[in-house]
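Participant: My questions are about this predicted structure, shown below with the sequence.
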Amino acid sequence: MYKRILIASVLASTLLSGAAIASSHGNMGGSSMSNKQDEGSHNKQKKEFVKKVVNAVSKTGINAVQAQKVTDAINVYKQAKVKIKQKGPVCPLEAFKGNSFDKKVFRETMLSKPDAMISARANMLESIYAILDKEQREIFTREFTAHMIEKTIKKNMIKGYMLPKRNMMQQQQQ
């Protein structure tokens, strides 16, 4: 019982410290209201990512040592995220040289920030997988990917992939 309370408090403190970091760095630039609304929804998705990781990890039955290591991995991810934000907006000025335009440089510059965020997430998930044992990894994978599978099923149902073809239904009726 004590271990569960300790683990829950460590994971809650991780979320709270991340919220404090995000709020302290959130008001650094003067942007328009519409940009703040867009950032708000984007930040919500990022916070949901950490919440999904914490929820999945909490269902694995980790011990206090593992909980502290998971907290450290999440904090490393949050620090990397803050560093990426501090670099500011991506500005592909190098692509415009004289009277020419370099598509490759423009593309690389514009994709560098999302690539850095993806790398930070991948590093965090890799760290968490290294912390968990085999059984815990299976539980974590099941819990973490459940929403992805659910979204895929819903999307396929909306598109009609899950419904039987009309010709097949007609053949079965005959």
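Facilitator: Yep, it's here. Residues are numbered from 1 along each chain as shown.
Participant: residues near residue 149, how many?
Facilitator: Residue 149: 10 surrounding residues under other Cβ atoms under 10 Å. The C-beta positions use only the backbone N, C-alpha and C, and glycine is treated the same way.
Participant: Just the element for it, please.
Facilitator: helix 134-159 (DSSP states H and E).
Participant: on contacts alone, who are the packing partners of that helix?
Facilitator: Judged by 3 or more Cβ pairs under 8 Å, 6 or more residues apart in numbering; DSSP states H and E, helix 134-159 is in contact with helix 33-58, helix 103-131.
Participant: tell me which residues in stretch 52-64 are buried?
Facilitator: Of all the residues in stretch 52-64, those buried under the rule 16 or more other Cβ atoms under 10 Å are 52-54, 56-58, 60, 62.
Participant: Now the terminal residues of it, how far apart.
Facilitator: Terminal residues of stretch 52-64 lie 19 Å apart, using Cα to Cα, to the nearest Å.
Participant: quick check: mean pLDDT across it?
Facilitator: Rounded to a whole number, the mean pLDDT of stretch 52-64 is 89.
Participant: do the same with stretch 125-133
Facilitator: Mean pLDDT, computed over stretch 125-133, is 92.
Participant: What of stretch 71-87?
Facilitator: 89.
Participant: in that stretch, what counts as buried?
Facilitator: In stretch 71-87, counting by 16+ other Cβ under 10 Å, buried: 71, 73-74, 77-78, 80-81, 84-85.
Participant: so where is this structure shaky, pLDDT-wise?
Facilitator: Within the chain, the stretches with pLDDT under 70 are 1-47, 161-174.
Participant: run the last query once more with 80
Facilitator: Applying pLDDT under 80 to the chain flags residues 1-47, 87-92, 94, 157-174.
Participant: Now do the same contact list for residue 125.
Facilitator: Each residue near residue 125 by Cβ atoms under 8 Å, 6 or more residues apart in numbering is listed here: residue 53.
Participant: From residue 110, how far off is it?
Facilitator: With distances taken as Cβ to Cβ, to the nearest Å, residue 125 is found 25 Å from residue 110.
Participant: got it, and residue 63?
Facilitator: 43 Å.
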